[in-house]
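> Build me a structure from this.
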Amino acid sequence: MQKTSVRLLSLLSLLQARRDWPGALLAGRLDVSPRTVRRDVDRLRELGYPIVTTKGPDGGYRLDAGTQLPPLLFDDDQAVALAVALQIATTTGAGIEEAAARALNTVRQVMPARLRRRIETLRVTAVERPLARPNPQVDSSVLMTLGDAVHAREVLRFDYTPASPAGTGGGDPADAPPRRVQPHHLVTWGGRWYLVAWDLDRDDWRTFRADRISPRTPTGPRFTPRELPGGNVAAFVTSRFQGADGSGGADGSGGWPCRGEVILDLPAAVVLRHTREGIVEELGPDRCRLVLGSWSWPGLAATLGRFDADIEVVGPTELRDAFAHLARRYANAATDAPTQEAQAGSPIGQNQLFTSKSHPNNVRDRI
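Residues are numbered from 1 along each chain as shown. I've put the predicted structure just below:
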């Protein structure tokens with residue numbers, strides 16, 4: 001029979017692995033009698049582990065939630081995964097950097113030597129993509145409040161700071177009534193946190209930046225969750241930020257207002273490595289068709305121009321005109337002699353650039 005200390009650790013590991021354990025099954029896994037299991041469970045309870053007894057024909061034991069966090073038992077892979085996750089926590093924007101660093105030090109101190117060596121050789125430096133405006137930090141208490149409302153399915157009220165500063169129109173933000181929403185999902189996108197919710201006053205889906213939310217208490221009544229357009233929060237959020245209605249599409253546009261089709265003199269495998277969205281169709285060993293979308297026709301032409309290959313425009317005409325417009329602009333830049341057209345701006349650059357005002361979906365709440 002195993003020593004008591006070793007047996008207790010094995011029992012704790014089993015209790016953490018699943019919700020309910022019949023007593024007979026635990027005894028079989030530990031190769032001890034049911035009486036020994038009962039004594040070991042009592043010992044774990046004395047150490048602070050909240051183990052409850054379940055009734056019934058298959059009565060057994062369950063590791064329940066307690067008022068304090070007891071010591072946890074991780075296997076080797078779980079410990080390494082936890083250490084790596086704590087190292088990259090600085091890029092979450094959740095305001096938990098200091099707490100994550102302290103937790104990582106605690107984990108390292110109690111790790112056995114073999115695991116500590118693995119962690120030391122797997123030092124991760126989390127580097128955020130440089131941005132013109134750094135992503136704002138979100139108070140962890142705000143995230144907890146939003147998460148609680150999502151989990152409880154309770155109507156949430158909050159003050160929302162607009163994107164434009166005071167004095168630029170729209171009146172004093174302090175005079176605006178609180179937003180009333182049915183919170184459905186708390187998501188992170190591009191280093192920022194967003195709340196996906198059904199706006200009760202606007203009768204539509206909205207995505208709110210968490211750093212601009214000031215929750216009000218108490219929360220409202222419980223609600224029945226609605227079905228997201230497309231049925232998948234990841235697809236909905238991706239399409240929402242592209243300006244779509246969240247239902248997606250199979251034409252490669254992903255909801256972009258401008259969609260074009262070209263043929264590239266490159267293998268499909270090469271294009272796929274550098275295309276996060278769109279449809280790539282192989283036409284030969286060194287030739288493929290690409291359907292891609294963008295905010296504007298010049299933007300789409302510039303994106304396609306990043307592929308160092310000959311391009312044949314299949315359509316539409318707006319894309320072909322955008323290539324001609326960029327060709328003139330680049331030629332002027334190469335000769336350092338801007339023409340009157342470049343100085344005044346081309347119609348395709350002035351009139352066909354996509355803006356939030358011209359699109360049917362209001363993107364203010366998520367900018």
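> list the buried ones in the lengthiest helix in the chain?
Taking DSSP state H as the assignment, the helix of the chain that covers the most residues is helix 317-335. Buried residues in helix 317-335, counted by 16 or more other CB atoms under 10 Å: 318, 319, 320, 321, 322, 323, 325, 326, 329. Heads up, the C-betas are built off the backbone N, CA and C, glycines and all.
> okay, these in TSV with pLDDT next?
TSV is the format used below for the buried residues of helix 317-335 (pLDDT from 0 to 100):
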residue	pLDDT
318	94
319	94
320	94
321	94
322	94
323	94
325	93
326	93
329	91
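> With respect to residue 120, which of those is nearest?
residue 326 (50.2 Å; CB to CB).
> That closest one contacts residue 306, correct?
No: using CB atoms under 8 Å, residue 326 is not in contact with residue 306; the gap is 12.0 Å.
> tally of neighbours for the nearest residue to residue 23 once chain neighbours are set aside?
Of all residues beyond its chain neighbours, the one nearest residue 23 is residue 60 (4.5 Å), with distances taken as CB to CB, 6 or more residues apart in numbering. The local packing of residue 60 (other CB atoms under 10 Å) involves 21 other residues.
> is it true that residue 60 touches residue 26?
Yes: if you go by CB under 8 Å, residue 60 and residue 26 touch, sitting 6.6 Å apart.
> just the helices in this structure please.
4-17, 23-30, 34-46, 76-87, 97-110, 113-121, 140-152, 233-241, 268-273, 297-305, 317-335, 340-344, 347-351.
> As JSON lines, those helices with distance to residue 259 would be great.
Shown next, in JSON lines, are the helices of the chain (distance: least, CB to CB, whole Å):
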{"stretch": "helix 4-17", "distance to residue 259": "49"}
{"stretch": "helix 23-30", "distance to residue 259": "57"}
{"stretch": "helix 34-46", "distance to residue 259": "61"}
{"stretch": "helix 76-87", "distance to residue 259": "38"}
{"stretch": "helix 97-110", "distance to residue 259": "41"}
{"stretch": "helix 113-121", "distance to residue 259": "47"}
{"stretch": "helix 140-152", "distance to residue 259": "34"}
{"stretch": "helix 233-241", "distance to residue 259": "13"}
{"stretch": "helix 268-273", "distance to residue 259": "16"}
{"stretch": "helix 297-305", "distance to residue 259": "8"}
{"stretch": "helix 317-335", "distance to residue 259": "9"}
{"stretch": "helix 340-344", "distance to residue 259": "26"}
{"stretch": "helix 347-351", "distance to residue 259": "16"}
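> closest to residue 211 out of the ones you listed?
helix 140-152 (8.0 Å).
> what about the closest one, average pLDDT?
In this model, helix 140-152 has a mean pLDDT of 88.
> Dump it to CSV, restricted to CA.
Taking Å, rounded to 0.1, in the frame of the first residue of the first chain, the C-alpha atoms of helix 140-152 are listed here in CSV:
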residue,chain,number,x,y,z
SER,A,140,-10.0,44.0,-13.7
SER,A,141,-13.0,44.8,-11.5
VAL,A,142,-14.9,46.1,-14.6
LEU,A,143,-14.1,42.8,-16.4
MET,A,144,-15.3,40.9,-13.4
THR,A,145,-18.6,42.9,-13.3
LEU,A,146,-19.2,42.3,-17.0
GLY,A,147,-18.3,38.6,-16.7
ASP,A,148,-20.7,38.2,-13.8
ALA,A,149,-23.6,39.8,-15.8
VAL,A,150,-22.9,37.6,-18.8
HIS,A,151,-22.8,34.5,-16.6
ALA,A,152,-25.9,35.4,-14.6
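> elements contacting it?
When contacts are defined as 3 or more CB pairs under 8 Å, 6 or more residues apart in numbering; DSSP states H and E, helix 140-152 packs onto strand 179-189, strand 192-199, strand 213-216.
> Now with 6 Å, please.
strand 179-189 (3 or more CB pairs under 6 Å, 6 or more residues apart in numbering; DSSP states H and E).
> contacts for the strand it packs on?
Residues from elsewhere that reach strand 179-189 (CB atoms under 6 Å, 6 or more residues apart in numbering): 146-147, 149-150, 155-158, 160, 194-201, 223, 233, 237.
> From these, list the buried ones, please.
146, 149-150, 155-158, 160, 194-198, 200, 223, 237.
> ok, of those residues, which one's closest to residue 22?
Nearest to residue 22 among the buried ones among the contacts of strand 179-189: residue 150, at 34.0 Å, using CB to CB.
> The closest residue to the closest one other than its chain neighbours pairs with what?
Closest residue in space to residue 150, ignoring its immediate chain neighbours: residue 183 at 4.7 Å, by CB to CB, 6+ apart. For residue 183, the beta-bridge partners are residue 197 (DSSP bridges).
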